[in-house]
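In: this one's sequence-less:
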């Protein structure tokens, strides 16, 4: 069965600390991997996708096919990074979202 | 605003009533998706259209759920004989084929 797991419901860090939001997936094929973000009172939006290999707002994510992981990282968290983050594999024209991790960055 | 729009933003209905939600995608996008999101969960895929063709509908939650996109532009999602378990946020997204999906603000349904 196709499955995506985000093990942490909540991740709380102080400003300037490193952040890693974990995502593991289980798929029979080779999905494309996305991270979506939802800031307070805003709509869901794309943060980054693995094929672009871009760094967006200081975030990066490395696809590890051996471990089937796509963890999201940022070396120095900012207060404005506080949001809900969803890992989402894309396969057969379908996005499957994890349950999400709430990131809280305190001053 | 040229983003995805959804109407209504909130809907309160009584159990057993039918409800219909509308989604207007970004104008040049040929794909339109519907999702449901319940508390504490990520969005759950329901169905999608490419132009007016509904290419995947096996994930619709029951035969009470149906969706249309008659002219390949806006779409409607209908829930017949609503149940309390249908209370959720219903999200619409649109994209060019296999590209980034842009989400609407959602319609929050409450079934009393």
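Out: Looks like it arrived, so ask away. Note that this is a predicted model, so its numbers are computed, not measured.

In: CA only for contacts and neighbour counts going forward, please
Out: Fine.

In: tell me who's in contact with residue 38.
Out: The chain I'm using is chain A. Residues in contact with residue A:38 (Cα atoms under 8 Å, 6 or more residues apart in numbering or on different chains) are A:44-45, A:83-85.

In: nope, chain B
Out: Residue B:38 makes contacts with B:87-89, as judged by Cα under 8 Å, 6+ apart.

In: from the residues you listed, which single one is nearest chain A?
Out: Lowest distance from chain A to the contacts of residue B:38 (Cα to the nearest Cα) belongs to residue B:89, with 11.8 Å.

In: state the pLDDT value of residue B:97.
Out: pLDDT for residue B:97: 77.

In: quick one: residue B:73 and residue B:51 touch, right?
Out: Yes: at 7.2 Å, residue B:73 counts as touching residue B:51 under the criterion of Cα atoms under 8 Å.

In: comparing the two, which residue is more hemmed in?
Out: Using other Cα atoms under 10 Å in any protein chain shown as the criterion, residue B:73 and residue B:51 rank with residue B:73 on top: 20 against 17.

In: which residue ranges of chain B form strands?
Out: Applying DSSP state E to chain B gives strands spanning B:5-7, B:10-13, B:19-24, B:31-37, B:44-50, B:53-56, B:65-68, B:75-79, B:88-95, B:102-103, B:107-111.
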